[in-house]
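1. take a look and give me a structure for this.
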Amino acid sequence: MNSVQIPDNDRLHDLLAEEATVGLSDADRAELDGLISDLAIDDLAPDAFDEAAAACSLMWADPAEEVPASCKAKLVTAAEKHIASRGAPDLKLSGTPADASLSPNPLAMFGGWIAAAACLVVAVVLSTPSKTVATPADQLASLLEADPNVSKAGWLSIDQVPPLNASAPHRFDEGITGEIVWSESRDEGYMVLSGIAENDPQDWVYQLWIFDKTRDDGGLAQRPVDGGVFDFASAKRDESGNVIVPIDAKLPVGEAFLFAVTVEEPGGVVVSDRDVVFVAALG
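-> Residues are numbered from 1 along each chain as shown. All right, here's what the predicted structure looks like:
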């Protein structure tokens, strides 16, 4: 069966179920064709729902009920397609569709061919392609491809930034490495980092703050944009052992120039006490 993406449209599902089980009138056929056109369903295989209905109906059929020859034909055709797709194109099922011996499930829960309509819902779900969730590494790669002009800056320990007036690295800085990747045009970015202490999110979390030249006085005294909290302990690593964290800016950023990560209470805060662990400066 070909995989198809079926829109969430009750009338469309009703018409497809009716077509696969009892057939459509001319008026209903015209309505279905119109819906398929309006919803831009380009990859709907013409027999996909017929095969699903036939297969499910057979599974739930009454053992004493004769299986229609047309259903047998569809099942045999579908089986031979599956066999061919597995690398055995010359292998055929014995017998003709009309006399092929197909044993229904004796543990039927529903009556005969009426089960076909209900089974179509299952068929649609099972035939819809599963969506692969993109990892942060995949998302970062997509950003780099979409915007080759992204800005990048390496992380700095707080003792490397004179305005912070720190004489030593933060207690949670175990040798921070990595970089900030920021796309001003897309208002999107990622943190790539390693070398910081793992945290218990029940006790405290890391939180990112974005300083924007277009906000307030444009300096370090401004109230920065909340860039989201993250849990370093449970974050997934890439092949190099780095953690990649998507930036979750709570407000649009005009012109970012500094990214600072602080230690905060569980869930993050609205206004930070600025217990800064490390920073990255653009430009």
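
2. what's the burial count for Asp187?
-> 14 (other CB atoms under 10 Å). C-beta: built from backbone N, CA, C; applies to glycine.

3. hang on, it packs against Gly254?
-> No - judged on CB atoms under 8 Å, Asp187 makes no contact with Gly254 at a distance of 9.3 Å.

4. remind me which residues of this protein are low pLDDT?
-> Applying pLDDT under 70 to the chain flags the ranges 1-8, 21-22, 40-132.

5. tell me what the biggest strand by length in it is packed against?
-> Longest among the strand segments of the chain by residue count, using DSSP state E, is strand 173-183. Secondary structure elements in contact with strand 173-183, counted by 3 or more CB pairs under 8 Å, 6 or more residues apart in numbering; DSSP states H and E, are helix 136-146, strand 151-154, strand 156-157, strand 188-196, strand 256-264, strand 276-281.

6. can I get the ones you listed in CSV including mean neighbour count and distance to Glu239?
-> What follows is the helices and strands packed on strand 173-183, written out as CSV (neighbours: other CB atoms under 10 Å; distance: least, CB to CB, whole Å):
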stretch, mean neighbour count, distance to Glu239
helix 136-146, 15, 8
strand 151-154, 15, 19
strand 156-157, 18, 25
strand 188-196, 22, 12
strand 256-264, 23, 23
strand 276-281, 21, 22
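
7. indicate which one of those is closest to Phe230.
-> Smallest distance to Phe230 across the helices and strands packed on strand 173-183 (CB to CB): 7.7 Å, for strand 188-196.

8. kindly format the C-alpha coordinates of that closest one as CSV.
-> This file holds the C-alpha atoms of strand 188-196, laid out as CSV (Å, rounded to 0.1, in the frame of the first residue of the first chain):
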residue,chain,number,x,y,z
GLU,A,188,17.1,31.8,15.6
GLY,A,189,20.2,30.3,17.2
TYR,A,190,21.8,27.5,19.1
MET,A,191,24.3,27.0,21.9
VAL,A,192,27.0,24.4,21.3
LEU,A,193,28.8,23.7,24.6
SER,A,194,30.8,21.3,26.8
GLY,A,195,32.8,21.6,30.0
ILE,A,196,30.2,22.8,32.5
